[in-house]
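Peer 1: Got a sequence here, can you model it:
(one chain, ligands or ions: 1)
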Amino acid sequence: MSTLADRRYLKMNGLGNEIVVIDLRGGRAEISPAEARAVAGQGESRFDQLMAIHDPVTAGTDARLLIYNTDGSRSGACGNGTRCVAWAMMEDAAVSRGTIRAEGTLALESEAGLLEVTRRGPLSFTVDMGPPRLRWDEIPLAEPFADTRAIELQVGPIDDPVLHTPSVVSMGNPHAIFWVEDPDAYDLARLGPMLENHPIFPERANISLAAVRSRDHIVLRVWERGAGLTRACGSAACAALVAAARKRLTGREATVTLPGGDLRIAWREEDGHVLMTGPVELEHDGVLAPALFSAAEAAAG
Ligand SMILES: N[C@H](CCC[C@H](N)C(=O)O)C(=O)O
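Peer 2: Numbering: from 1, shown residues only. As a prediction, this is how the structure comes out:
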């Protein structure tokens with residue numbers, strides 16, 4: 001029987017990006033893709049991303065995060081989810097267990113690198129998402145492109161493409177940003193999976209439609225790798241700001257408006273780190289029913 005059976009979870013969201021937080025510190029092995037899909041498949045614990053909190057590995061950090069998408073795939077970064085983890089570790093008695101290094105700040109390890117989180121208010125946090133990766137082989141892409149601000153990729157008729165010439169950025173996970181006038185004018189539910197799974201992206205990609213409204217305002221819709229259409233995507237907001245600044249469409253700081261609300265993103269000059277500030281919301285907490293995992297284990301063989 002899965003050791004997730006009877007495990008407590010927190011159902012949260014970051015601007016409507018559905019997040020489940022599970023505290024696995026104390027030695028529990030990593031969640032399998034099949035277990036993650038089982039949790040996502042059950043209404044109450046349905047998620048866009050699952051944030052698993054593990055014991056820290058690097059001295060001086062508070063915890064190590066593993067991040068899972070709805071389809072059980074792993075992601076290197078999850079900005080909205082990282083804010084939810086910070087709230088849980090500071091506020092939820094059963095999760096925090098007094099492991100905070102310093103009031104109001106946390107250092108979390110992720111596959112994308114070190115994430116420093118600073119509390120801004122009861123439900124507001126800033127995550128230092130680290131520096132963007134901008135070389136073609138860091139995104140990664142399947143072939144070299146010298147200028148990742150505009151790569152050759154299009155969808156639709158060759159002589160009249162529906163979407164074309166995106167910018168690409170990695171925040172520890174791959175993002176393609178298409179520049180459009182009106183993000184709502186596109187059938188992203190149909191175009192998203194075509195682009196997510198395009199062979200130019202050997203690790204697939206998160207697909208964003210971005211409209212630049214002013215030097216410090218971007219409107220964004222996102223089709224997420226392994227999760228589909230979501231109400232918000234923090235790492236996509238970071239990627240879009242970096243790409244817009246590189247194309248001189250905005251400055252190095254902007255408000256990014258997603259279907260679920262606004263994030264404030266800043267690409268810091270001195271160290272190139274990207275800072276994302278936004279809210280969290282606790283929806284409920286629950287316990288994972290053992291029956292969830294019997295089918296998953298049968299499927300995993
Ligand atoms: N929603 C998350 C991003 C998840 C990215 C994931 N879909 C992937 O890269 O596979 C966020 O707030 O940053």
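Peer 1: does any part of stretch 123-130 sit near the ligand?
Peer 2: No. Shown here: stretch 123-130 not in contact with the ligand (CB under 6 Å from any ligand atom), separated by at least 8.3 Å. In this view, the C-beta of every residue, glycine as well, is placed from N, C-alpha and C.
Peer 1: what does the stretch 1-150 of the chain have sitting close to the ligand?
Peer 2: 17, 48-49, 69, 75, 77-81.
Peer 1: May I see those residues arranged in a markdown table, with pLDDT as well?
Peer 2: Formatted as a markdown table, these follow (pLDDT from 0 to 100):
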| residue | pLDDT |
| --- | --- |
| Asn17 | 98 |
| Asp48 | 98 |
| Gln49 | 98 |
| Asn69 | 98 |
| Ser75 | 96 |
| Ala77 | 91 |
| Cys78 | 94 |
| Gly79 | 96 |
| Asn80 | 98 |
| Gly81 | 98 |
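Peer 1: Among those residues, which lie within helices?
Peer 2: If you go by DSSP state H, those have 79-81 in helices.
Peer 1: Same list (the residues of the stretch 1-150 of the chain next to the ligand) but as CSV, adding distance to Pro140 and neighbour count.
Peer 2: Shown next, in CSV, are these (distance: CB to CB, whole Å; neighbours: other CB atoms under 10 Å):
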residue, distance to Pro140, neighbour count
Asn17, 24, 30
Asp48, 23, 27
Gln49, 21, 30
Asn69, 18, 25
Ser75, 14, 24
Ala77, 14, 30
Cys78, 19, 34
Gly79, 20, 29
Asn80, 23, 33
Gly81, 22, 31
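Peer 1: Now flag whichever of those residues is closest to Glu269.
Peer 2: Nearest to Glu269, judged by CB to CB, of these is Gly79 at 20.2 Å.
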